[in-house]
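Chemist: Output the structure for:
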Amino acid sequence: MQIIADDKILYIKGVLEEYATVVYKSGSSINSEDVKEADALLVRTRTNCNKQLLENSIVKFVATATIGKDHLDTQWLDENGIEWTNAPGCNSGSVMQYIASVCAHLILSGTNPEKTTVGIIGVGMVGKKIEKLAKTLGFKVLLNDPPRERAEKSDKFTDFETVISHSDVLTFHTPLITDGKDKTYHLLNLENVKNLKKGAVVINSSRGEVTCSNALLYGLEKGIISKLVLDVWENEPQLNLELLDKVWFGTPHIAGYSADGKANGSSMVIQALSRKFNLPLNDWEPENVPLPKNTTISKPQKDEKAIVSVAKTILETYDIDNDSKALKKNPDKFEEQRGNYPVRREFHIWKLLSRENYGDEVWGMLLGLGFKISK
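Modeler: Residues are numbered from 1 along each chain as shown. Model prediction:
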């Protein structure tokens, strides 16, 4: 049995070698010759799994260690009997922490959550966690998700135009869909960017093509968009440098790159591969996922407003500003910064000191975000 694997899928080296010949390659360099004699292909977003890559191969199974699957031609795979799977929800906690860091900076810049509406476009596994985050921090929330609205026949969803025109903060969490009634390609475009609430903060951590770069530049130029946060870019890793220069925070597609998110994605592809080929790895999970030097929150700020204390605590676990400064300094190292991303652990790894150190309101919000109690 032969397996071709993206060398950026963490924690799996040495796991499959007992059962197969495993070749690790950079995802963007995997080609048709590499996969010709392969039985399975394990990838991330940089490998386009389509007819061009797989037509002359014996590949029976493709797994991506990512939530997104727009790099898989699922129709062609289905038509040709190649089983495929993605890793839904694997990095949802990581993206939630990323958005929490943006919210923390907004709060420390003077935003009052109780007077601020967050519009969430796409309320799947990620969007649901963003909804909980926003409500925990005290923001008002509007939700837009046409497929869920149709399926659930729920009145909790709001149409797209209403959401974008009434949201102070607009955050995108949709898959990339290029056609059909749920098309998300250029969902925010030159026509509807004019309908944004004046001074909106726009965040895209889904796929770069969900928001039109020219529309974003127009919105910034006209003052329609006051702050722009981009983790994903059209044509990445080739960035629009004018857009990078104007964003509040710009990062190299790492919102979902916590160590926890990567570990979850690795678990899901190995377990799926195991089920497909009857390997004894159906319950496999990575061991020894690295930790930061310290995982105890040691600086509670009891004398501040509760929401300010919570914002500062969030930034102790992850500060988006560090990643943004690194990308703006070296935009040509987009892929290098992704590939060598430092250890980031999600809220559930971080421990709080005793309740008395925080106060009831701060304590409740931090536990609601997933922080743990130090024992």
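Chemist: Can you tell me which helices and strands the helix or strand hosting residue 366 packs against?
Modeler: Assessed by DSSP states H and E, residue 366 sits inside helix 360-369. The contact analysis (3 or more CB pairs under 8 Å, 6 or more residues apart in numbering; DSSP states H and E) places helix 360-369 against helix 125-136, helix 306-317, strand 351-352. Quick note: C-beta positions are derived from backbone N, CA and C, even for glycine.
Chemist: Could you list the paired strands of the shortest one along with their orientation?
Modeler: According to DSSP bridges, strand 351-352 forms sheet pairs with strand 296-297 (parallel), strand 372-373 (parallel).
Chemist: Please enumerate the strands of the stretch 101-250 of the chain.
Modeler: Secondary structure of the stretch 101-250 of the chain, counting by DSSP state E, counting those that start in this stretch: strands at 117-121, 140-144, 169-172, 200-204, 225-230, 249-250.
Chemist: and the first one, what's its mean pLDDT?
Modeler: Read that as strand 117-121. For strand 117-121, mean pLDDT is 98.
Chemist: tell me the angle it makes with helix 125-136.
Modeler: Orientation of strand 117-121 against helix 125-136 (axes from the mean of the first three to the mean of the last three CA atoms, to 10 degrees) gives an angle of 170 degrees.
Chemist: related to what we said a few turns ago, identify, out of the strands paired with strand 351-352, the most deeply packed stretch.
Modeler: Among the strands paired with strand 351-352, ranked by average contacts under mean count of other CB atoms under 10 Å, first place goes to strand 296-297 (a mean of 16).
Chemist: Now distance to residue 304 and mean neighbour count too, for the strands of the stretch 101-250 of the chain, in CSV please.
Modeler: Formatted as CSV, the strands of the stretch 101-250 of the chain follow (distance: least, CB to CB, whole Å; neighbours: other CB atoms under 10 Å):
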stretch, distance to residue 304, mean neighbour count
strand 117-121, 22, 25
strand 140-144, 23, 20
strand 169-172, 22, 24
strand 200-204, 23, 25
strand 225-230, 23, 22
strand 249-250, 23, 22
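Chemist: Report the contact partners of the most centrally placed residue in the chain.
Modeler: Closest residue to the average C-alpha location of the chain: residue 256 at 3.7 Å, with CA atoms, centre = their mean. By CB atoms under 8 Å, 6 or more residues apart in numbering, the contact list for residue 256 reads 66, 67, 90, 91, 92, 94, 95, 98, 205.
Chemist: for residue 61, same thing?
Modeler: Taking CB under 8 Å, 6+ apart, we find residue 61 in contact with 39, 40, 41, 82, 83, 84, 272, 273, 276, 277.
Chemist: again, 7 Å this time
Modeler: Under the criterion of CB atoms under 7 Å, 6 or more residues apart in numbering, the neighbours of residue 61 are 39, 40, 82, 83, 273, 276.
Chemist: Could you identify the most distant pair in those residues?
Modeler: Farthest-apart pair in the contacts of residue 61 is 82 and 273; separation 13.4 Å (CB to CB).
Chemist: These two: which has the busier surroundings?
Modeler: residue 273 (27 against 21; other CB atoms under 10 Å).
Chemist: Before we go further, that one is sitting in a helix, right?
Modeler: Yes: looking at residue 273 with DSSP: H, G, I helix; E, B strand; the rest coil, it is inside a helix.
Chemist: Look up how far residue 173 lies from it.
Modeler: 27 Å (CB to CB, to the nearest Å).
Chemist: Residue 222 too?
Modeler: Residue 222 sits 25 Å away from residue 173, taking CB to CB as the criterion.
Chemist: count of neighbours near the residue nearest to the residue nearest to the centre of the chain when sequence neighbours are not counted?
Modeler: Spatial nearest neighbour of residue 256, excluding adjacent residues (CB to CB, 6 or more residues apart in numbering): residue 91 at 3.2 Å. Counted with other CB under 10 Å, the neighbours of residue 91 add up to 27.
Chemist: Surely residue 91 is in contact with residue 266?
Modeler: No: contact criterion CB atoms under 7 Å: residue 91 and residue 266 do not qualify, at 11.1 Å.
Chemist: For the residue lying closest to residue 50 once chain neighbours are set aside, give me its contacts.
Modeler: Nearest residue to residue 50 in three dimensions, chain neighbours excluded: residue 73, at 3.9 Å (CB to CB, 6+ apart). Contacts here follow CB under 7 Å, 6+ apart; on that basis residue 73 touches 49, 50, 51.
Chemist: Run through the residues that contact the last one.
Modeler: Residue 51 sits next to 73, 76 when contact means CB under 7 Å, 6+ apart.
Chemist: For it, what are phi and psi?
Modeler: Main-chain torsions, residue 51, degrees, to the nearest 10: phi -60, psi -40.
Chemist: and the gap between it and residue 30?
Modeler: Distance, residue 51 to residue 30, by CB to CB: 15 Å.
Chemist: all helices for the protein, in order.
Modeler: Using DSSP state H, the helices of the chain run over 32-35, 51-54, 74-79, 92-108, 125-136, 146-152, 160-166, 213-221, 241-246, 259-277, 306-317, 320-329, 334-339, 360-369.
Chemist: Which of the ones you listed sits closest to residue 201?
Modeler: helix 92-108 (6.8 Å).
Chemist: Run through the neighbouring helices and strands of the closest one.
Modeler: Packing partners of helix 92-108 (3 or more CB pairs under 7 Å, 6 or more residues apart in numbering; DSSP states H and E): helix 125-136, strand 200-204, helix 259-277, helix 306-317, helix 320-329.
Chemist: hmm, 8 Å instead?
Modeler: Contacts defined by 3+ CB pairs under 8 Å, 6+ apart place helix 92-108 against helix 125-136, strand 169-172, strand 200-204, helix 259-277, helix 306-317, helix 320-329.
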